[in-house]
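A.B. asks: One predicted model, sequence on top.
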Amino acid sequence: MKIKKLHINRMPGFPQGVKGFGKLAGNINIVAGANGSGKRSTARVIQKLIWWNAKTTGYQVDAEVVVNDELNHIEIDSQS
């Protein structure tokens, strides 16, 4: 799975979301920033895209991913 776009509208610790990621590289992307800027939280969202748990709440995420050369749109909206 390759993530093409990722927009986090809402998540625990970031009720207003974080700035979206677009035009991601095909292989490796590096996310850098100050403490509290959302690096680990962004990694957690990517983990949720891969291994969703129905008990997880408080996320609203939009993503475009490529699986087996097919573009898919994923929307997650789990109420808190």
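C.D. replies: Noted; the coordinates are in hand.
A.B. asks: And the helices in this protein?
C.D. replies: Ranges of helices within the chain are 39-50, based on DSSP state H.
A.B. asks: Residue ranges in it under the pLDDT threshold?
C.D. replies: Regions of the chain meeting the criterion pLDDT under 70 cover residues 80.
A.B. asks: residue boundaries of the strands in the protein?
C.D. replies: Ranges of strands in the chain, per DSSP state E, are 2-10, 18-21, 59-67, 70-78.
A.B. asks: right, and those - which one's nearest Ile28?
C.D. replies: Ranking those by proximity to Ile28 (C-beta to C-beta) places strand 2-10 first, at 11.1 Å. Glycine gets a C-beta too; all of them are placed from N, C-alpha and C.
A.B. asks: Which residues in that closest one does the neighbour count mark as buried?
C.D. replies: The neighbour-count check on strand 2-10 (16 or more other C-beta atoms under 10 Å) flags 3-4, 6-10 as buried.
A.B. asks: Closest one to Arg44 out of these, please.
C.D. replies: Closest approach between the buried residues of strand 2-10 and Arg44, by C-beta to C-beta: Ile8, at 9.8 Å.
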